Structures are given as structure tokens and as C-alpha cells.
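>>> The following comprises the amino acid sequence and a computationally predicted model.
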Amino acid sequence: MASLADRLRRQITEQGPIPVSEFVDAALYDEGEGFYQTGGRAGRRGDFLTAPEVGPLFGAVLARAIDAWWRDFGYPEQFPVYEWGAGPGTLARSVLAAEPDALRRGALIWHAIERSAAQRAQHPEHPSVASAATGPSEPAPVGIVLANELLDNLGFDLYERCGGHWYELRIIEGPDLNQFATVALPVPESSVVVEELSALVGAHGSEGLQVVRQTAARDWLTEALGSLHAGRVVVLDYGGATAELSARGSWMRTHTRHGAGDSNRWLEDPGTCDVTADVATDQLELVRRADSNRTQADFLRAHGIDELVAEGKRQWQESAHIGGLAALRARSRISEAEALCDPRGMGAFRALEWLV
């Protein structure tokens, strides 16, 4: 079977320069050589950390949030949570371990949705967990759709402002066997893309400005909103407004073994590193304005992280002289909360919610 790089080269030969979104999607999710199919994952022994891998506190807070949402909708007998981009199931495990009331009363079913078969194979075997490669085929009467650091991993397209005009960066063959490069193709001034980009960053945009356009993330949100008759869609991710991110000038990130790659790593040997982009929250809101848009730290505080930390401190003080895992877990809540609410890191992530 031809390698991923060979197949992408053949596609470029047959079709011409391909969109960045197609290249990134193949690099991450190709069934044979995509990063997430060949062992790329979150975790201390993986390639990067997300909030659930910091420790069980994040899942414990989510468990409290789920109970609050369940109560808001009148304690329905069935209350599914659809976690898109579930990875190896770390968040599901920590929420189950926290034993929310909705779980203990038999209402909660956790749908762990993950494209990667390698990741799905690690999902917890539990009567309240259902593992799937795709989302529900029919809208649920009521429930929650949750995406924690998913949208930054969906394919995106790149545009640049140069000489007063907008150009789309597309992928072409590079000089070496497994390397690729970008080429700038002009976008017609009458295009809806130009109209949209100009609205997002200003009519003229500064020279050399680079913008990530995230249509796959918007498509996901449209699908998520349509998958519920009633409920809530919750997105947790790093990002900000398009103009803010463009001015900063560093949208894209690559990761492998907890190391940040250089700016061109994603074009070298596709499938060997994670490729992400900050989520443009105002582009998501082109689908529908969020009912809540706040920092992840504020979201966690609203759902009781401070109370859980105080409880952990109390347990530690009462049992530190005895020792044991329970005491250490209680003590670890302090350091976990510091990481999750750090305004220079995960605490600054955005938490967006849409009511259905």
C-alpha cells in the first residue's frame, strides 16, 4: 500500500494544489498513517496534555455540571452526554469515578465519540459508556454535547493578506520525498470568503496578515446543535476572536512527545505530529451566537471547583497523618486546580455554551 505522503502527492498531481484542510485531516485521521491512528494521544505518556489528563479534578467538576444541567431539564429518565473527540476515554473515566447523581440514578449514558479506532479501543468498558466512531443518527430528546479540545483538531484553511488582496494557501509537492510546501492562490474579490474575512479582521486587513478559516468547526457546531431537541452544547478549547489571533500571528501548533514543533513541522512527513489551530470563537458564532462565552477558569468556578478544592484540603488535613492514596488524591486537587485555572494557560481557554 502506498504511503500517506505518496497518496497525497498523487492527489496533488491529479487535482492540483489541495486545501490545507484536506491535508491536515489526512495527516491526523488517515486510517493507515494518521497521527491519531498510529499512537498519537493525550496524556503524560503521550504527546500533549489536555485538562482531563491533568488529573481527576476536571472530570469531577464536569460531573457536578452534568448534575446541574440534568436538574435544569427536570431530571429526565435518560440524559445522554455525547463527548466528541473522546480520545482514549480519560474524561469519561474521571466523570464516572466522580459518580454524579445522574449516573447513580441510571439516567446518564456517556457516548464516547472518536474517529480513531486505536483510541476507541481504549474506551472504558462500563454499562453507562457507549463507544462510537460517529455521532447519533437521530436527535436526542434532551442531552448534552461536549467537545473538549476537539475543534482545534478539525481541518482548517489558511488565508493571507498581501498587496491589498486575499490569497488562499494550498498544499503542493515539496522538494523532498515526504515534504510538502504551500502556494498562494488569489481569491476573487467577489468571493464570499473575501467578504467574510474582511468582516472578521477589518475591511483592509494589515499586510502579511494570516487568517485560519474554520469551516469544519462550524459544520461540527451545526451538526451538534441539530443533534438535540433540547439540551446544551458545550465547547472547551483554546482560542479567541479572529482579529486577535491574526494579530498575534501564531495560529498553528504542532506537538509530539510533549514538545512543540517548528512552524513547518506539519508539512514534513504527514502523520508524525499533532496539528492544531487556535479556535476562532467569532467564526463559531457565525453559526449561532453562544449563550455563554467565558474563560475555562470561570466555567470551572461556576461549577464548583473551589468547593472541591476546599473539600480536598479538609480531607488532607484530616488524613495526612495516616497517609494512603485517598489522602494524596485529596491533596492533589490543589495543584490540579492551579493548572486548570492558570490565566496564562488552561484557565484562559474559552468555554462556550449554546442552549437548545
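That came in fine, so what should we check first? Numbering: from 1, shown residues only.

>>> Hmm, residue 70 is touching residue 79, no?
Yes. Using C-beta atoms under 8 Å, residue 70 is in contact with residue 79, at 5.0 Å. Any C-beta I mention is one placed from the backbone N, CA and C, and that applies to glycine too.

>>> Identify the contacts common to these two.
102, 107-108 (C-beta atoms under 8 Å, 6 or more residues apart in numbering).

>>> Name the residues of the host helix or strand of residue 315 that come out as buried.
Assigned by DSSP states H and E, residue 315 falls within helix 305-319. Residues of helix 305-319 classed as buried: 305, 308-309, 312, 315-316 (neighbour count, 16 or more other C-beta atoms under 10 Å).

>>> Throw those residues into TSV and include pLDDT, thanks.
Formatted as TSV, those follow (pLDDT from 0 to 100):
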residue	pLDDT
305	96
308	93
309	90
312	76
315	70
316	63
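
>>> Can you report how many residues neighbour the residue nearest to residue 163 when sequence neighbours are not counted?
Closest residue in space to residue 163, ignoring its immediate chain neighbours: residue 207 at 7.7 Å, by C-beta to C-beta, 6 or more residues apart in numbering. Each residue near residue 207 was counted by other C-beta atoms under 10 Å, and the total is 10.

>>> ditto for residue 242
Residues lying near residue 242 (other C-beta under 10 Å) number 23.

>>> wait, doesn't it sit right on residue 283?
Yes. Counting by C-beta under 8 Å, residue 283 is a contact partner of residue 242 at 6.1 Å.

>>> which residues in the stretch 151-300 of the chain form strands?
In order along the chain, the stretch 151-300 of the chain carries the following strands (DSSP state E, counting those that start in this stretch): 157-162, 165-173, 180-186, 210-213, 231-237, 239-240, 252-256, 259-260, 274-277, 279-280, 292-295.

>>> any idea which helix or strand of the chain has the worst average confidence?
Ranked by mean pLDDT, DSSP states H and E, the weakest helix or strand in the chain is strand 259-260, scoring a mean of 49.

>>> Which one of the strands of the stretch 151-300 of the chain lies nearest to residue 198?
Smallest distance to residue 198 across the strands of the stretch 151-300 of the chain (C-beta to C-beta): 8.0 Å, for strand 165-173.

>>> quick one: low-confidence ranges for the stretch 201-350 of the chain?
For the stretch 201-350 of the chain, residues meeting the criterion pLDDT under 70 lie at 203-205, 255-263, 316-331.

>>> what do residue 242 and residue 283 both touch?
Here residue 242 and residue 283 have residue 200 as joint contacts, going by C-beta under 8 Å, 6+ apart.

>>> you'd agree residue 169 is up against residue 181?
No. Between residue 169 and residue 181 there is no contact under C-beta under 8 Å: 9.8 Å.

>>> Compare these two and say which is more crowded by neighbours.
Neighbours were counted for residue 169 and for residue 181 using other C-beta under 10 Å; residue 169 has more, 18 against 14.

>>> Quick one: the helices in the stretch 101-250 of the chain, in order.
101-104, 117-120, 192-201, 215-226, 242-248 (DSSP state H, counting those that start in this stretch).

>>> So which of those helices is nearest residue 87?
Nearest to residue 87 among the helices of the stretch 101-250 of the chain is helix 117-120; the distance by C-beta to C-beta comes to 5.3 Å.

>>> buried set for the closest one?
Buried residues in helix 117-120, defined by neighbour count with 16+ other C-beta under 10 Å: 119-120.

>>> Pull the distance from it to the chain's centre.
17 Å (C-alpha atoms, centre = their mean, to the nearest Å).

>>> got the contact list for residue 117?
Residue 117 sits in contact with 31, 37, 133, where contact means C-beta under 8 Å, 6+ apart.

>>> Which member of the buried residues of helix 305-319 is positioned nearest residue 146?
When those are ranked by distance to residue 146 (C-beta to C-beta), residue 305 comes first, at 16.8 Å.

>>> Isn't the closest one up against residue 340?
Yes. Between residue 305 and residue 340 a contact is recorded at 7.0 Å, counting by C-beta under 8 Å.

>>> Find the residues that touch each one of those two.
Jointly contacting residue 305 and residue 340 under the rule C-beta under 8 Å, 6+ apart are residue 57.

>>> Residue 219 and residue 211, how far apart?
Distance, residue 219 to residue 211, by C-beta to C-beta, to the nearest Å: 18 Å.

>>> same check, this time on residue 194
Per C-beta to C-beta, residue 194 is found 11 Å from residue 211.

>>> now the buried residues of helix 305-319 in JSON lines, with distance to residue 49?
As requested, the buried residues of helix 305-319 are exported to JSON lines (distance: C-beta to C-beta, whole Å):
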{"residue": "305", "distance to residue 49": "18"}
{"residue": "308", "distance to residue 49": "20"}
{"residue": "309", "distance to residue 49": "19"}
{"residue": "312", "distance to residue 49": "20"}
{"residue": "315", "distance to residue 49": "25"}
{"residue": "316", "distance to residue 49": "24"}
